Every structure is written in C-alpha cells, then in structure tokens.
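**Q** let me see the structure of the following:
(one chain, ligands or ions: 1)
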Amino acid sequence: MELVNTLSILLIATFFLVWLWLKNKYNFWKSRGIHTPPYSLFFGNMKSAVWQQDSFADRTLQFYREFKSRNLRHGGLYIFWRPTYVPIDLDIIKSIMQVDFQHFVDRGMYINEKVDPLTTHLFNLEGKRWKLLRNKLSPTFTSGKLKMMYETMIDCTKGLYQVMDQEVGKPVDIKDILGRFTTDIIGSCAFGLDINSLENPNSEFRIKGRPLFHRDFLGNLKQLLLILMPNIMRKLNMRLLPKDVGDFFINVVKNNVEYREKNNITRKDFMHLLIQLKNRGKLVDDDKLVSENITDNENTITLEEITAQAFIFFEAGFETSSTTMTFCLYELAKNKDIQDKVRQEIRKVYDKYGHKLTYEAAMDLIYLEQTINETLRKYPPLPSLGRICTKDYKVPGTDLVLEKGMRVLILILGIHRNPEYYPDPEKFDPERFSEENKSTRPAFTFLPFGEGPRVCIGTRFGMMQSKIGLASLLLNYEFSVNEKMKEPLRFDPESFIVSTKGGMWLDVKKISSEKIELLP
Ligand code: HEM
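**A** Below is the predicted model:
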C-alpha cells in the first residue's frame, strides 16, 4: 500500500513538473511581446494538422491571415513546444532568405548518416557541408545540362499518350497519371532507368515513392518529433525512411553505377553527371572525357553521396511537378478560354519550329509559362519554407533578437493568396505573370521555388518537365471537369505538400485521330 502511495505521489509530481515546464515554454512569445494564435498544451499550434483535421497547407494559411488581419510584421508559433518565428513583412523575409542568409543557412531537417544514409542530401545538409555540395552540384543543373537531358524527358511522353488513349471517354484521375509520368522522367534522368510506371502503375519505384509524401497520423507525428528532437532521435537510431525504401534506392544506384562503369556506358542524364563528379570532381564534355585525364580530387563525391543526391532529385522532383501539372489542368478544365489560349500558343510555336517542340521551342512557350506560374502561385507545392537561425540575429526594424537554434517558417501560401499582392486571389489569371504585371509587384511575393542561396536547385528542370507534360497533353486532348470531382477543392491532410483529397477527376476528349508527337 505504501509503495502504491509513493508511486502515485511520484507520478503526480512528474505530471506537475512537466506541466510547469510546458507552461514556461509557452511563455516564450508572450514575454517578448509577440502575438501567437491560440495553441494547446503539448501540440502547440499544430494539433489539428497532426490529427489530420486540417491540412498543413490550410493551417499555414490560417496563421498568415491571423497575423495579417492584426497588421503585424511578424508573429510566433509553437510547433509542439518549440517556439517558431514567422516573418510576415516582406522586408524581413528578404533579410532572412537573402540579405542576411549567413544567419539562416540551415533548414533543421533530420539527418542520420549511420542508419539512414539517404538523409545526407542537399535539401537536408547544413553549413559548410551543404555549401560545398551545392557548389559541386550546381553545374549539373545549368541550362546546357537541361538541354542535354531534353530528349530523355521527351521519351517519357510516349507512355503518357498510350495511357491517355486508353482513358479517353472515361473519368480520369489525372493526378495519378501525372505522378506516374514524372516518376518515369525523374527515374530516367536521376537514376538512368526505364521505369515504365505509366505502363505498370505498380512498378517498385512508384510503390517505394508513395510513402515519401503520404503519411498517416503516426507518420506525421514521427516526422515532427524527428525534426523537433533530432539529437534524442539520433541516439535512439530512429529512421526517417522505412528500411526497405532506403535499401531499395541504395541498391538501385549501386548496381547502376557499377554496371555503367564496368561497361563504359554514358547516358544523357544526372546519373552520368554524378558519376563524372565521383571519378573526376568536375564535369567534362563527353568527347573530352575520353581523351583528357582531368581530375579535381577536392571536388570528387562518393558513391554514398551520389545515392543520396539521386534520391533527393527523385523525392523533390516528381511529386512537386506532377502536382503542379495536376492543378494546372484542373484550372484549365474550369477556364476553357485560358485552355484554348494556351493550346493555340503551343500549336503556333510547334509550327514555327518545323512541327517539333525542340528545347528552344519549349523556351518560347511564354503564355504556358505564365499559366504554370499562376498555378504555382495558387497552389505552391510546398506551402511554407523552413529555416534555422544559425547565428543570433536582431530582426531589422524591431527589438526582437532571434537566438541561435530558433526555427523560422515562411508562409508562402499565405503570401500567394494575399489580395494586397494578388487582387481577387482565388481567380486563376495567367496575365498576372506578364512581364508588365510582374514588375508592379514587390519582390518576395512569388516564392514557389524559395529564394536566396538555398533556392530550389531544380527550378529549370521542374519547369521544363511541367511544360513538356502539359504541351504534349494539350496538343492532343481537351479537358473538362468530371462530375466525380469533389468541389470546392480540399487540401489533403495526409500530404505535407499541397495536394487534393480524393484525386483530380477530369473528362478527356481526343482532339484529332492523328497523334501530335513533340519530337516526331
Ligand atoms: C515544380 C517543381 C518544383 C518545386 C515547386 C520545387 C520547390 C522547392 C522549394 C520550395 C525548395 C526549398 C527552397 C528554399 O528553401 O528556399 C526546393 C529545394 C530543392 N529542390 Fe525543388 N522544386 C521543384 C522541382 C525540383 C526538381 C525537379 C528537383 C531535382 C531534380 C528539385 C530539387 C531540389 C533540391 C535538391 C532542393 C534543395 C536545395 C538546397 O537546399 O540547396 N526540385 N524546391
């Protein structure tokens, strides 16, 4: 009996201490005079997102609107009990992302080299390691290299036509088809493999890629805890990726590199460029590669580094572009006049370049680019951007000092839907991105690819694959919204990137019996 009493007292005392500790934590922003939206003990401001009542995207929009409605330059959030700084004023955002970048170099993602070697990729890496790798990888993303891969990308449209032709006349979940299309493109360009997930929706690549973006309640919770308490999680040897997913990608790259090196195979893709970096530390034109023995040992990368980079190109590249194309086709299905205008432009440019959509022709698709930009405004795949304060920082024009370790969240979706910058923000209007209209908006109001030194390295690639996918579809098919489509659209709480719940159901009509291929 005495033991029971002692245990009960110990339990109550522990609860009380935890409660006091949390109470103290949640005093952080109040004591600095910074406004926070209502929060709950333990989950902080993230309760409804963790429990998947709200999508993360909707939550960020609510935060932005609350701070903005109070005319605040910035605000504070609690992600669980961790204070997170939220800049609203565009000058502060610019300072953090660009001007004073040296104070905000990292994202604060979870890295565990030992049990999860794939986490050591460019998106996650920090400080000097990140800078060194970014310098090494940047040459693989130039417009010249993109041009080199253009035909490899176009090859994947063949599978797209086949699937679409089978689907004509039925309600089509375009989201699924475009996810398979970009899986094929990135699989081909980053891993050098013909995945054919368009032909085979259950290809291993597609199956292994799915859990990267869709998480249930426990998956969500784990992801947040890994980021919140990385040191403890590392000690517990926690993984971010399921073991089978990690092993799959590691083996694919290892086998591929070995095969290419043994058989002296070159292919127009990232893998080829990464292998050059591994063996020579620099990129060399293929013809020179044979004759010149150029090596820059300082810049070489290891097989493990190649694997992690190929993985992030896949993870960051396929879902972002496929959601962009998906939302774009949805808006075009709703706005037939814009759909006709985009199609007319594609036809005109296609004819101008001798009935081909060469790389140069694709660069000439100005209105299509405006339409993709308007899609990225309304539906930025990443609704917010994260940074970590890496050196104490006094926020310009305020008395607030951010201490080293403070998390920062930039609420892109809120900025993109702010009527001050984009009047009538729910309206889909590609004219917002004409040269003339762009110049009337302040800087840092369009951030789908981020900004500053950590801006998306794959921007050109992402834009190009979206252009190729949309051009090939719009030249051959007409789209309208199917009655199965659930409207108004709801963002999916299981996906941390902006995505719809329940698929994107469109009707597809063939324009002509003759197929128009981009590069016949
Ligand atoms: C529509 C397509 C895409 C969108 C909207 C997008 C968006 C983004 C965003 C918002 C960031 C964070 C930027 C920041 O924090 O300032 C990012 C980073 C990154 N993206 Fe993309 N992305 C796209 C396509 C791609 C593709 C195709 C690849 C690779 C093939 C890629 C690879 C990366 C990498 C490696 C980073 C980390 C860069 C660094 O930290 O240095 N992305 N992307």
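
**Q** any idea which residue of the stretch 201-350 of the chain lies closest to the ligand?
**A** Residue of the stretch 201-350 of the chain nearest the ligand, by CB to the nearest ligand atom: residue 317 (3.1 Å). Quick note: C-beta positions are derived from backbone N, CA and C, even for glycine.

**Q** can you tell me how far that residue sits from residue 412?
**A** To residue 412, residue 317 is 18 Å away according to CB to CB, to the nearest Å.

**Q** more neighbours: which of the two?
**A** Comparing residue 317 with residue 412 by neighbour count (other CB atoms under 10 Å), the higher total belongs to residue 412, at 28 against 23.

**Q** separation between that one and residue 86?
**A** For residue 412 relative to residue 86 (CB to CB), the value is 12 Å.

**Q** swap in residue 245?
**A** With CB to CB as the criterion, residue 245 and residue 86 are 32 Å apart.

**Q** overlap in contacts, residue 412 and residue 86.
**A** Common contacts of residue 412 and residue 86 (CB atoms under 8 Å, 6 or more residues apart in numbering): none found.

**Q** around the ligand, which positions in the stretch 351-500 of the chain sit nearby?
**A** Taking CB under 6 Å from any ligand atom as the criterion, the stretch 351-500 of the chain approaches the ligand at residues 381-382, 385, 448-451, 454-458, 461-462, 466.

**Q** now with 5 Å?
**A** Contact residues (CB under 5 Å from any ligand atom) of the stretch 351-500 of the chain with the ligand: 381-382, 385, 448-450, 454, 456-458, 461-462.

**Q** which of these fall in strands?
**A** Of the positions in those, residue 385 sit in strands, assigned by DSSP state E.

**Q** farthest pair within the residues of the stretch 351-500 of the chain next to the ligand?
**A** By the measure CB to CB, 385 and 461 form the most distant pair in those, at 19.1 Å.

**Q** out of the two, which sits in the more crowded spot?
**A** Neighbours were counted for residue 385 and for residue 461 using other CB under 10 Å; residue 461 has more, 25 against 22.

**Q** quick one: contacts for the more buried one?
**A** With contact set as CB under 8 Å, 6+ apart, residue 461 has these partners: 141, 146, 149, 189, 317.

**Q** low pLDDT regions in this protein?
**A** By pLDDT under 70, the low-scoring segments of the chain are 1, 285-298.

**Q** and residue 347, what element?
**A** Counting by DSSP states H and E, the element that carries residue 347 is helix 336-352.

**Q** please report the distance of the residue of the stretch 301-450 of the chain found nearest the ligand from residue 98.
**A** When scored by CB to the nearest ligand atom, the stretch 301-450 of the chain has residue 450 as its residue closest to the ligand, at 1.9 Å. From residue 450 across to residue 98, the span is 10 Å (CB to CB).

**Q** which one of the contacts of residue 461 has the most neighbours?
**A** That'd be residue 189 among the contacts of residue 461, by other CB under 10 Å, with 27 neighbours.

**Q** just confirm that residue contacts residue 148, I think it does.
**A** No. With contact defined as CB atoms under 8 Å, residue 189 does not reach residue 148; the gap is 10.1 Å.

**Q** count the neighbours of the closest residue to residue 117 other than its chain neighbours for me.
**A** Of all residues not flanking residue 117 in the chain, residue 304 sits nearest, at 5.6 Å (CB to CB, 6 or more residues apart in numbering). Applying other CB under 10 Å, we find 15 residues neighbouring residue 304.

**Q** residue 203 too?
**A** For residue 203, the neighbour count with other CB under 10 Å is 19.

**Q** from the ligand, how far out is the nearest residue to it once chain neighbours are set aside?
**A** When the adjacent residues along the chain are set aside, residue 203 lies closest to residue 197, with 4.3 Å between them (CB to CB, 6+ apart). Note on residue 197: its distance to the ligand, by CB to the nearest ligand atom, to the nearest Å, is 16 Å.

**Q** on that earlier part again, TSV please, covering the residues of the stretch 351-500 of the chain next to the ligand and showing distance to residue 274.
**A** As requested, these are exported to TSV (distance: CB to CB, whole Å):
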residue	distance to residue 274
381	24
382	24
385	26
448	26
449	22
450	23
454	20
456	18
457	13
458	14
461	14
462	18
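
**Q** which helix or strand contains residue 320?
**A** Per DSSP H and E, residue 320 falls inside helix 303-334.

**Q** residues from the stretch 51-200 of the chain in reach of the ligand?
**A** 122-123, 134.

**Q** out of the residues you listed, flag the one nearest to residue 211.
**A** Nearest to residue 211 among those, with distances taken as CB to CB, is residue 123, at 17.2 Å.

**Q** using the three-state scheme, assign that closest one.
**A** coil (DSSP: H, G, I helix; E, B strand; the rest coil).

**Q** quick one: it and residue 316 touch, right?
**A** Yes. Using CB under 8 Å, residue 123 makes contact with residue 316 at a distance of 6.2 Å.

**Q** looking at these two, which is more packed in?
**A** Using other CB under 10 Å as the criterion, residue 123 and residue 316 rank with residue 316 on top: 23 against 17.

**Q** can you tell me how far the more buried one is from residue 371?
**A** 22 Å.

**Q** which residues touch residue 29?
**A** Taking CB under 8 Å, 6+ apart as the test, what residue 29 contacts is 35-36, 76, 78, 83.

**Q** surely residue 386 and residue 104 touch.
**A** No. Between residue 386 and residue 104 there is no contact under CB under 8 Å: 9.8 Å.

**Q** the two: who's more crowded?
**A** With neighbours defined as other CB under 10 Å, residue 386 and residue 104 compare such that residue 104 has more, 24 against 17.

**Q** give me the distance between the two termini of stretch 376-394.
**A** 32 Å (CA to CA, to the nearest Å).

**Q** name the residues of that stretch that are buried.
**A** Residues of stretch 376-394 classed as buried: 376-390, 393 (neighbour count, 16 or more other CB atoms under 10 Å).

**Q** and for stretch 416-431?
**A** 416-418, 421-422, 428-430.

**Q** which residues sit against stretch 130-149?
**A** Residues outside stretch 130-149 that contact it (CB under 8 Å, 6+ apart) are 105-106, 122, 125, 189, 268-270, 273-274, 277, 281-283, 299, 301, 305, 309, 359, 453, 457-458, 460-461, 464.

**Q** how about the strands in the chain?
**A** 74-79, 82-87, 171-173, 385-388, 393-394, 401-402, 407-410, 477-481, 505-510.

**Q** list the contacts for residue 70?
**A** residue 35 are the contacts of residue 70 under CB under 8 Å, 6+ apart.

**Q** can you give me phi and psi for it?
**A** Backbone torsions of residue 70, given as degrees, to the nearest 10, read phi -100, psi 10.

**Q** hmm, back to that, measure the residue lying closest to the residue of the stretch 201-350 of the chain closest to the ligand once chain neighbours are set aside to residue 321 for me?
**A** In this structure, residue 317 finds its nearest non-sequential neighbour in residue 186, 4.5 Å apart by CB to CB, 6+ apart. Counting by CB to CB, the gap from residue 186 to residue 321 is 8 Å.
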